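Trainee: sharing a model that was predicted from the sequence below.
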Amino acid sequence: DFSATLNCNKAVEVSGGVDIDANGTLVLNSIATNNIVNGNFVARPGSKVTHDGPCWSNIQSCGVNLLVKGDMRVEKGASINVDGKGFATGYGIGHGSGQGIGTTCPSHGGIGDAQSSANCYGSILCPVTFGSPYLVAPSAGGGQVKVTVTGNLIVDGTITTNGGRDNGGSGGSIWLTAGI
């Protein structure tokens, strides 16, 4: 078995297509601009697209921002996964607070808990923000994925931005556009 990881800490533009083989990982950390693929993009079974995290500040510093000028396929067993890669404990716009009775839950994209939730934030029209953590460490919100495909987008694998599993965190953002 061979696996490779490619870390892109600045926006990149690929003149042809991208094909991520099984067990390969592509880490995209550009937040301000899209990474551009001038061709088709294929994530094979066992491959993963992600970004670094969690983010230890109140400034969102990375994200999976991808413009594919062709078709894109995320095959069965492949993933775009930024689970737990949003804001870390103590950071973020809507992080929870306290422990036990009187705690507030993280609230990204909607109310985190019907009884007690932090300020709600995020956009349903332009979802690009990280999820926030619960106050109790360790915790992190989900990361951010924005994919624009000029051709067809086929997802047989998974795209996830869940909050961290330990002590709960709110999910992040997924924004998919295809056929433009």
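Mentor: Arrived safely. Numbers count the residues shown, from 1 in each chain.
Trainee: residue 23 touches residue 47, doesn't it?
Mentor: Yes. Under the criterion of C-beta atoms under 8 Å, residue 23 makes contact with residue 47 at 6.9 Å. Using the backbone N, CA and C atoms, a C-beta is placed for each residue, glycine as well.
Trainee: more neighbours: which of these two?
Mentor: residue 47 (23 against 15; other C-beta atoms under 10 Å).
Trainee: so who does that one touch?
Mentor: For residue 47, the contact set (C-beta atoms under 8 Å, 6 or more residues apart in numbering) comprises 20-26, 78-79.
Trainee: among those residues, which ones are buried?
Mentor: Listed as buried from the contacts of residue 47 are 20, 24-26, 78-79; burial here means 16 or more other C-beta atoms under 10 Å.
Trainee: in strands only, show me those.
Mentor: With strands defined by DSSP state E, the entries of the buried ones among the contacts of residue 47 inside them are 20, 25-26, 79.
Trainee: which single one of those residues is nearest to residue 153?
Mentor: Of all those, residue 79 has the smallest distance to residue 153: 14.7 Å, by C-beta to C-beta.
Trainee: relative to residue 56, how far out is that closest one?
Mentor: Distance from residue 79 to residue 56, counting by C-beta to C-beta, to the nearest Å: 24 Å.
Trainee: do the same with residue 71
Mentor: From residue 71 to residue 56 the distance is 37 Å (C-beta to C-beta).
Trainee: which one of these two has more residues nearby?
Mentor: Neighbour tally, residue 71 and residue 56, criterion other C-beta under 10 Å: the higher count belongs to residue 71, 18 against 12.
Trainee: what about the closest residue to that one other than its chain neighbours, neighbour count?
Mentor: Excluding the flanking residues, the one nearest residue 71 by C-beta to C-beta, 6 or more residues apart in numbering is residue 151, at 4.0 Å. Residue 151: 15 surrounding residues under other C-beta under 10 Å.
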